[in-house]
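1. Structure for this input, please:
(one chain, ligands or ions: 1)
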Amino acid sequence: MYVRPVKRKARIAIFASGRGSNAQMIHSYSQNEDCHYEVVSILSNRKNAGVIDFARTEGIPSYTFHKEEFYSVSKVLEILKRERTDLIVLAGFLWLIPESLVHAYPKRILNIHPALLPKYGGKGMYGKYVHEAVKKNGDPVSGMTIHFVNEKYDEGQMIFQAQCQLNPGDEATDIARKVLRLEHHYYPRIVDGVSSRLS
Ligand code: GAR
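-> Residues are numbered from 1 along each chain as shown. Here you go, the predicted structure:
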């Protein structure tokens, strides 16, 4: 009888700064038996972020850090090593990732951005600021981009994009809702695909 070899699941650390709806979707997707990853830690720069409450409720180890700790990196790297992290997933994490961390996890850090990069990327372009800019320009479409992280904001190699139609009457909040729906659907699936290809 042939027994398929069991490949272990990729161990994922989620970095998030806010409410963490993407973190929740990623974690919930990992409950599927066939999923190739498990969420082993949640890290945040904000002690009172919604994502930290979520981690506590779910019993996922969570860690917070301040700026100096993040940019001197050793604390964060120690946590990632201790948790035997294979892949880092940024889900609404707003700080630039330091070079040392990019080098420690080459092509192993993913980010999601709520626009069709290279449009509306870069420092200060996040969350509602992106959707307000899209509204101001009267774009007929928006969407989301998932990409690998390099040393610059939103410039790493693109993995996947999805787009949504906008109506002239859509407000920034409507655009945000349409884009978030795409994020929730695709991010867990892309994380799963990348996890399945990790060696
Ligand atoms: C998401 O829309 C994500 O694309 C965005 O923050 C939101 C986080 O929502 N990220 C950026 O703007 C990064 N530049 P969530 O906390 O509900 O997952």
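
2. alpha carbons only for contacts and neighbour counts from here, please
-> Noted.

3. So which bits of the worst-scoring helix or strand of the chain on mean pLDDT are buried?
-> Least confident helix or strand, the chain: helix 67-72 with a mean of 91, by mean pLDDT, DSSP states H and E. Residues of helix 67-72 classed as buried: 70-71 (neighbour count, 16 or more other C-alpha atoms under 10 Å).

4. Which strands and helices lie in contact with that helix?
-> Contacts defined by 3 or more C-alpha pairs under 8 Å, 6 or more residues apart in numbering; DSSP states H and E place helix 67-72 against helix 74-82.

5. Give me the helices and strands touching the helix ranked longest in the chain, please.
-> In the chain, assigned by DSSP state H, the helix with the most residues is helix 172-196. For helix 172-196, the elements it packs on are helix 21-29, strand 37-44, helix 127-137, strand 141-148, strand 158-165, judged by 3+ C-alpha pairs under 8 Å, 6+ apart.

6. hmm, back to that, CA-only coordinates of the least confident helix or strand of the chain, as CSV, when you get a sec.
-> What follows is helix 67-72 as a C-alpha-only set of coordinates in CSV (Å, rounded to 0.1, in the frame of the first residue of the first chain):
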residue,chain,number,x,y,z
LYS,A,67,10.4,50.8,17.4
GLU,A,68,13.9,50.4,18.8
GLU,A,69,13.4,46.7,19.4
PHE,A,70,12.1,46.3,15.9
TYR,A,71,14.9,48.1,14.2
SER,A,72,17.7,46.6,16.3
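
7. Please compute how far that helix lies from its chain's middle.
-> In terms of C-alpha atoms, centre = their mean, to the nearest Å, the centre of helix 67-72 is found 20 Å from the chain centre.
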